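The sequence and its predicted three-dimensional model are supplied below.
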Amino acid sequence: MAPKTVMKRPSVRKTISKTVKAGPLPVSKSSSESGPKKKTSADGVVAINRAPVLTLWITVCMRRLGYKEELALTAAKVVTAFCAQAKGKSLGIFPPAEPKTPEERQRAAEERRRTPSVSIAGINVPVSSPNAKAPDVRACSKGKPLDPEQVERYLRSSFKEDLEAARAAMEQAAR
């Protein structure tokens with residue numbers, strides 16, 4: 001029997017250290033805590049829930065790949081919702097999906113092939129135009145195009161005054 005090869009995981013800490021050297025980020029409490037925000041520049045960390053962080057990160061990555069802001073924001077929100085749903089299922093918070101017959105699975109796969117989509121983070125996100133006259137494309141959830149302004153408001157309410165600093169750090173890390 002051959003010995004197992006163990007691959008060493010790349011260090012994320014080095015990337016974060018490079019980003020933090022550019023300038024300290026203010027530290028704030030998570031949105032679940034009340035009271036005034038405390039800011040310290042000791043380690044340059046912004047304390048926040050994972051969903052808005054994932055939404056902002058995917059938005060930054062999609063912008064880096066050349067997608068328009070509207071599509072990047074809405075697709076990021078769809079991917080974040082998908083990840084939250086998967087985590088809820090894995091923790092037993094959400095019940096597993098009802099089993100489908102082979103015919104139902106085949107029809108669903110055919111429908112996905114016909115629907116225009118973009119792929120990000122290994123997830124195919126369906127897209128469409130909000131109206132026939134508009135050339136812009138947005139990600140869809142439950143068959144309806146999402147509003148990018150609503151996603152932007154979600155990020156602003158989550159990050160508060162730290163949004164621009166967090167976005168800049170993520171843009172630097174995405175280079």
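Thanks, I have it. Numbering: from 1, shown residues only.

So Val78: helix, strand or coil?
helix (DSSP: H, G, I helix; E, B strand; the rest coil).

Burial check on it, number of neighbours?
Val78 has 24 neighbouring residues, counting by other C-beta atoms under 10 Å. Just so you know, the C-beta spots here come from the backbone N, C-alpha and C atoms, and that holds for glycine as well.

next one: Val118
For Val118, using other C-beta under 10 Å, the count is 18.

What of Ala165?
16.

In terms of helices and strands, where is it?
Take DSSP states H and E as the rule and Ala165 turns out to sit in helix 163-173.

now for that helix, which elements pack on it?
Packed against helix 163-173, as judged by 3 or more C-beta pairs under 8 Å, 6 or more residues apart in numbering; DSSP states H and E, are the following elements: helix 12-21, helix 50-64, helix 148-159.

which of those helices is buried the deepest?
Mean neighbour count (mean count of other C-beta atoms under 10 Å) peaks for helix 50-64 among the helices and strands packed on helix 163-173, with a mean of 20.

what residues does it touch?
69, 71-73, 75-77, 79-80, 83-84, 120-121, 151, 154-155, 158-159, 163, 166-167, 170-171, 174-175 (C-beta atoms under 8 Å, 6 or more residues apart in numbering).

Kindly recompute the last result at 7 Å.
For helix 50-64, the external contacting residues (C-beta atoms under 7 Å, 6 or more residues apart in numbering) are 69, 71-73, 75-77, 79-80, 83-84, 120-121, 151, 154-155, 158-159, 166-167, 170-171, 174.

mean confidence score for it?
Summarised as a single mean, pLDDT over helix 50-64 is 95.

For it, what is the distance to the chain centroid?
Averaged C-alpha coordinates place helix 50-64 at 4 Å from its chain's average position (C-alpha atoms, centre = their mean, to the nearest Å).
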